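Trainee: Need the 3D shape of this:
(2 chains)
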Amino acid sequence: MKNRLEEIRKSRGVTQEELAASLEVSRQTIGSLENGRYNPSILLAFKLARYFQMSIEDIFIYEEDTL
Amino acid sequence: MNRKKKKALLITGLAAGLVFQFIGITWAAHLRAVSALCVGIGAMLFSLSVNRLYRLSYEKEFPQAVRQEQIELADERNIQIRSRAKSRSGDISRWAVAGLAWVNFLLYGPLWITLALAGIFVLAYAVEWYYTDKYQKEM
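Mentor: Below you'll find the predicted structure:
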């Protein structure tokens, strides 16, 4: 699953460390999400969406062939 | 349990550890089995208490580092990584046990070793089936 996390985070001027601290996850998790190596749980996806005040679909791009 | 109570309990544990060691050493000439048991319990209590007391002072001195440790421990990606690693190591260990059973059998080793290893292999599968069934019902 692709996502626009890095683009959104940078546009808001937030560092990976700050985002990780706000969501209470490790910085490595944010890095892995941005690289597309890790797909978040639905809970973390909601937390991210709430943090950026966006919908989950605005951040994560669902592609059928990647499942 | 608050910090003060925890500290008091750990100091009691430390003292109890020393008392057990003392009893173990002084009784060594009379009751060897009891003495060894006392020394063992004493050493365990003492080292556990010292370790936990050190941890308490570390938590007080570096609260930020402790918070970060808690975040790392509860991090969902880390939990998944640990879970996968445990699962893979369990699989490998199970097949290693089966392999050892075969090696022992082919080298005409004692039958009880082959049977014990085969038993462990079967037990591991039984435990896996049990948890698979349990989680199937829970989820």
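
Trainee: for the spatially closest residue to residue B:77 that is not a sequence neighbour, what are its contacts?
Mentor: Using Cβ to Cβ, 6 or more residues apart in numbering or on different chains and skipping the chain neighbours, the partner closest in space to residue B:77 is residue A:29 (4.3 Å). Where you see a C-beta, it was placed from the backbone N, CA and C, and this is true even at glycine. Listed by Cβ atoms under 8 Å, 6 or more residues apart in numbering or on different chains, the contact set of residue A:29 reads A:20, A:38, A:44, B:75, B:76, B:77, B:78.

Trainee: Filter those residues down to the buried ones.
Mentor: By the neighbour-count criterion of 16 or more other Cβ atoms under 10 Å in any protein chain shown, those include these buried positions: A:20, A:38, A:44, B:75, B:77, B:78.

Trainee: hmm, back to that, now the contacts of residue A:29 in a markdown table, with pLDDT?
Mentor: Putting those into a markdown table (pLDDT from 0 to 100) gives the following:
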| residue | pLDDT |
| --- | --- |
| A:20 | 96 |
| A:38 | 94 |
| A:44 | 96 |
| B:75 | 96 |
| B:76 | 96 |
| B:77 | 96 |
| B:78 | 97 |
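
Trainee: Let's have those residues in CSV, adding secondary structure and distance to residue B:86.
Mentor: Compiled in CSV, those are given as follows (DSSP: H, G, I helix; E, B strand; the rest coil; distance: Cβ to Cβ, whole Å):
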residue, secondary structure, distance to residue B:86
A:20, helix, 24
A:38, coil, 18
A:44, helix, 21
B:75, coil, 16
B:76, helix, 16
B:77, helix, 15
B:78, helix, 12
